[in-house]
Each structure stands twice: as C-alpha cells, then as structure tokens.
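> Quick one: sequence plus predicted model below, questions after.
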Amino acid sequence: MNHCITLLHQLSEHGKLARTEYLHLLAHRKAIAETAMELAREVRRKYYGTDVYIRGLIEVSNICKNDCTYCGIRKSNQNVNRYRLNAEQILSCCRAGYRLGFRTFVMQGGEDGSFTDEFLCPLLRQIKTEFPDCAITLSLGERSSESYRLLREAGADRYLLRHEACNEALYRKLHPETMLHENRMRCLRDLRELGYQVGAGFMVGAPFQTVEDLADELCFLQDFRPQMVGIGPFLPHHDTPFCDYESGSADLTVFLLALIRLMLPNVLLPSTTALNSVVPDGRIRGLQAGANVVMPNLSPEDTRQLYQLYDNKKSSGLESAEEMQKLKESFAAYGYHIVTARGDFRDCPPKKP
Ligand code: 5AD
C-alpha cells in the first residue's frame, strides 16, 4: 500500500514506471484508487485549472471496410442502416457547433472508401476558411502516409487513431487478418512526423485483455507519449462475435485515466461516451479522475442512433449539443468550467509553476 503511494508519486514526477510497477499498482487498485484519483486531480488542476475542453463530434459515416470483432459497424454486420454525410451536411454540423461555442470539430467515421483525399481536402479547406479559429480533428482510421500528408496540408490539425492493443497477439484477436498491427503503428508514427497532435488509446476490458496487457498499454503510452489518449470500457454489441462478453469496468477505466494523467500531465484526456454509457455518472467520474475533455455529439439527430459501435450508447439528453447549457450546469456543480478555446496540446503549460 505504502509502496503503491510511492509509485504513484514517482509516476507523477518522472512520467514513467516499470512494467512490474504498473502490475503492482493494478493488483492493489481498489486500495489506492481514491489516492490515485486525488493525485490525478491535483496534476490536472495544476495544468488546466478547472477547464474542460469541448470537442464537437461529427459522426460522418458508419460505412466501414473493416471487420473489427468488437465493433457494431463492422463490415459484416448486415443489420446496420448505413449512412454517409455529404460535405454540405458536415458543414452545417460545423456551423451549428460554432454557434454553440465549439472551436474543435472532430470528424469521426468508419473506413469509408468514399472519403477520398479528393473529397476530404476541399472540405477541410472550406471548414478552415469559414472557421479559421477552429481546430479540425480527424478520426477516419488507417490511411496511406501520402493521404495523411495531404489532409494535414489541407488543414487537419489532430488525428485520433486508437492503437487498440500494443500487444500484437491481442491485436489479432480483436481484428480481422487484413488488419496489421504493424500498419497501425506505422500510421501513428506517420501522423506524429507530419505534425499532427496525435491521439492513441484502447478499450478497457476488451475480450481476451489481461492485466498484463493493461500494464503493456501503460508502457506503450509512456514511451509514445501521445498528445491525446482515448480510453473507454469495452461494451458489447449484439450483432458482433463479442456479443456475449461482459462490459469493461467503469472503476478500472477511471483508475487508468488517473494513471494516465499522472504519467502525461498535460495530455488531452477525454471522458468518453463509452464510459458515460456504462455508468450514468461516467462523464463526471472521468473528469474527477483527471480527464479534461468531453466530446458532445454534433451529428444530425437521425444519424446518431445509426452510429452504434456498441449497445446502449448514450446519445440523447446531455450527449446532444442542444443540451449545452445543462452540460455546463452539471459541470459547474462539480467545479468544472467549459472553455471554448481550441485547446491545442501546445497551448497548455502548467497554470502555475
Ligand atoms: N465498445 C467500446 N468501444 C468501442 N470502440 C469500437 N467498438 C467498441 C465497443 N464495442 C472504440 C474503438 C474505436 C473507437 C472509435 O471506439 O476503440 O477506436
């Protein structure tokens, strides 16, 4: 127990621990969770005060050429009503979001072959022309180096690509043979080299994931040091091969959020929709464990329910952008304040030395 507390402080000071030390922390999680979260909150306060960054999530397409075993919009799921937003629809999501105070737009979707560079680049330029004070984040999966370069030149600032599993054997259990761990890592390296702010991450409690795997994920993050980290509990989807597996744990997810905040003090760390879907107070619990980003949904109301990566996705009420005011009030009750700044990684030195 005391050793654990020492380790938490070491993590906070040096941003690194040994794999065995992460295993030790994970083994004693229940006893130290409260302390870990308090320390994480302190670090968060030092770097970000009470600020919470908001990102407007636009789910641009649920068409996907991949067949990830866990994902509800996998190619072989015949029961999905597939949709794709056109450029005008995406722009109107941005306009609605801008009026609500959003200064980051996240275009997320399946690996839809129609999202060519020829389609995306002019759209990115148009968004940047209309909203020069906004950041654009893409989350469109694996692409070629050349494509990432063109998209970056056209105005994309950030890219979210969860690595899903740093252990290749586990990665293979979660993905079809056509998807290579090596290519995933190549993508992350390319994105970083091209000057994107890069987000990596994984699901917590994915089928076959062990506590050793989680220690490996933490080691991966401390070496790669991404600017953003997205983690959330695995949630089963009824039309996937993983339909009968249990959901990942909210407690374990928030504990990992706290460790990640200690490891990467100024990381942009969302309290994810998946966390908020597995427990009703997930979003605030994420913030209390050191998260500092939330991503309300700006997608058109009728497509939101079609973008189902897992069952019971929270996509109404506070999840919708129309409920911004309620969202603000619910955060204020816990002492957090939504800010409308772009909130780039580099804009965030410690608030006080
Ligand atoms: N449960 C939780 N998260 C999921 N994702 C995909 N399917 C699920 C699921 N069933 C996550 C993946 C992906 C991100 C967009 O959503 O980690 O990278």
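Sure, I can see it.

> drop to CA atoms for contacts and neighbour counts, all remaining ones
Fine.

> tell me the SS of Ile58?
Secondary structure, DSSP: H, G, I helix; E, B strand; the rest coil: Ile58 is strand.

> Report how many residues lie close to Lys16.
For Lys16, the count of nearby residues is 21 (other C-alpha atoms under 10 Å).

> Would you mind measuring from it to Leu256?
14 Å (C-alpha to C-alpha, to the nearest Å).

> Ala200 now?
Distance, Ala200 to Leu256, using C-alpha to C-alpha: 14 Å.

> go on, Lys328?
25 Å.

> which of these two has more neighbours?
Set Lys328 next to Leu256 and count neighbours by other C-alpha under 10 Å: Leu256 wins out with 24 against 16.

> per-residue confidence for that one?
Leu256 is assigned a pLDDT of 98 by the prediction.

> Now do the strands in the chain.
Assigned by DSSP state E, the chain shows strands spanning 51-54, 56-61, 104-109, 135-139, 158-160, 197-204, 228-233, 293-294, 337-339.

> Nearest residue to the middle of this protein?
Closest to where the C-alpha atoms of the chain average out (C-alpha atoms, centre = their mean) is Gly230, at 2.8 Å.

> quick one: contacts for that residue?
By C-alpha atoms under 8 Å, 6 or more residues apart in numbering, Gly230 lies in contact with Arg162, Gly199, Ala200, Gly201, Phe202, Leu269, Pro270, Thr272.

> Now render these as CSV, adding neighbour count and pLDDT.
Below are those laid out as CSV (neighbours: other C-alpha atoms under 10 Å; pLDDT from 0 to 100):
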residue, neighbour count, pLDDT
Arg162, 21, 98
Gly199, 25, 98
Ala200, 22, 98
Gly201, 22, 98
Phe202, 20, 98
Leu269, 26, 98
Pro270, 26, 98
Thr272, 21, 96
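
> Pull out the buried residues from the longest helix along the chain.
As assigned by DSSP state H, the longest helix anywhere in the chain is helix 29-48. For helix 29-48, the neighbour count (16 or more other C-alpha atoms under 10 Å) marks 29, 32-33, 35-37, 39-48 as buried.

> and this structure, which residues reach the ligand?
By the rule C-alpha under 6 Å from any ligand atom, the part of the chain lying against the ligand is 70-71, 162, 164, 202-203, 233-237, 274, 309-310.

> close enough to count as contact, Val80 and Ile73?
Yes. Taking C-alpha atoms under 8 Å as the definition, Val80 is a contact partner of Ile73 at 6.9 Å.

> Pick out whichever of those two has more residues nearby.
Taking other C-alpha under 10 Å, Val80 and Ile73 do not tie; Ile73 has more neighbours (31 against 17).

> give me the residue from the stretch 51-200 of the chain nearest the ligand.
Cys71 (3.8 Å; C-alpha to the nearest ligand atom).

> wait, that residue sits on Leu309?
Yes. Between Cys71 and Leu309 there is a contact at 5.1 Å, judged by C-alpha under 8 Å.

> what residues do those two have in common as contacts?
Common neighbours of Cys71 and Leu309, using C-alpha under 8 Å, 6+ apart, are His237.

> For burial, what's the neighbour tally of Gln222?
Other residues within reach of Gln222, judged by other C-alpha under 10 Å, total 17.

> What separation is there between it and Lys173?
Separation of Gln222 from Lys173 (C-alpha to C-alpha) stands at 24 Å.

> And for Ala258?
To Lys173, Ala258 is 27 Å away according to C-alpha to C-alpha.

> what do you get for Leu11?
In this view, Leu11 and Lys173 are 31 Å apart by C-alpha to C-alpha.

> Specify which residue of the two has the higher count of neighbours.
A count of neighbours by other C-alpha under 10 Å puts Leu11 above the other of Leu11 and Lys173, at 22 against 16.

> Run a quick check on that one versus Glu21, I expect a contact.
No. Checked against C-alpha under 8 Å, the pair Leu11 and Glu21 is beyond contact range at 9.8 Å.

> Give the residues shared as contacts by the two.
Here Leu11 and Glu21 have no joint contacts, going by C-alpha under 8 Å, 6+ apart.

> What are the boundaries of the helices in the chain?
2-14, 19-27, 29-48, 87-100, 117-130, 145-153, 168-174, 181-193, 211-224, 250-263, 273-278, 282-288, 301-304, 324-332.

> Can you tell me which of these is most buried?
helix 250-263 (a mean of 26; mean count of other C-alpha atoms under 10 Å).

> thinking again about what came up before, want to throw the helices of the chain into CSV with distance to Asp344?
Listed next are these as CSV, based on distance: least, C-alpha to C-alpha, whole Å:
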stretch, distance to Asp344
helix 2-14, 22
helix 19-27, 29
helix 29-48, 12
helix 87-100, 17
helix 117-130, 16
helix 145-153, 15
helix 168-174, 30
helix 181-193, 15
helix 211-224, 18
helix 250-263, 17
helix 273-278, 21
helix 282-288, 18
helix 301-304, 27
helix 324-332, 21
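
> ok, residues contacting stretch 48-58?
By C-alpha under 8 Å, 6+ apart, stretch 48-58 touches 90, 93-94, 97, 102-108, 266, 292-299, 321, 335-343, 348, 350-351.

> Can you give me the end-to-end span of that stretch?
End-to-end distance for stretch 48-58: 25 Å, by C-alpha to C-alpha.
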